[in-house]
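Visitor: Model the following, please.
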Amino acid sequence: MNTAKTVAPTNGVKVNEVVKSEKLTAIPPVPVAKKITEEVAELPPIEDRLHKLNVLFDLQKKHSKLLDSKKKLTDFEIAQNKENSSLEISDDEGNEFTTTNPLVIAGVVKLILQIVNDKSKELEAQIVF
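Guide: From the prediction side, this is the model:
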């Protein structure tokens, strides 16, 4: 069935336009209960989903700690005089190493920062949904 209607274009001249109307057909309803039941049947067991969620939370905590460490390391300033900066390393047996050499301290900070960045990238790759 065709009907005519007057259309006003932007230039102000009115034009008759033929508009076709088509017979609309009803869309059959989708059985919602069946669809939800199928989606639930495809989900892994709740224990597996909760375990995965706990793993994701643990990864998020580790990632946050690495970001905190990265911020501390990037904010770290090493003075060029040997009196203001020092680095001390100790082990479980009580052995200690101390240095005030700014080049050594800067090298250690750079190395630790690289390790933190690499570990952060590894964790980011493991965080999947």
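Visitor: what about Ser64, how many residues close to it?
Guide: When neighbours are counted by other Cβ atoms under 10 Å, Ser64 registers 11. Backbone N, C-alpha and C define where each C-beta goes, glycine included.
Visitor: ok, Glu88 - how many residues close by?
Guide: A count of neighbours around Glu88, defined by other Cβ under 10 Å, yields 9.
Visitor: Oops, could you answer that again for Glu124 instead?
Guide: Counted by other Cβ under 10 Å, the residues lying close to Glu124 total 12.
Visitor: Could you measure from it over to Asn117?
Guide: Remark: distance between Glu124 and Asn117 (Cβ to Cβ, to the nearest Å) = 11 Å.
Visitor: Kindly report the same for Gly94.
Guide: 32 Å.
Visitor: Pick out whichever of the two has more residues nearby.
Guide: Asn117 (13 against 6).
Visitor: List the buried residues in stretch 48-55.
Guide: Residues of stretch 48-55 classed as buried: none (neighbour count, 16 or more other Cβ atoms under 10 Å).
Visitor: tell me the mean pLDDT over that stretch?
Guide: Across stretch 48-55, the average pLDDT comes to 92.
Visitor: got the residue ranges for the helices in this structure?
Guide: 32-42, 46-75, 102-126 (DSSP state H).
Visitor: ok, and the closest non-adjacent residue to Leu67?
Guide: Ser120 (7.0 Å; Cβ to Cβ, 6 or more residues apart in numbering).
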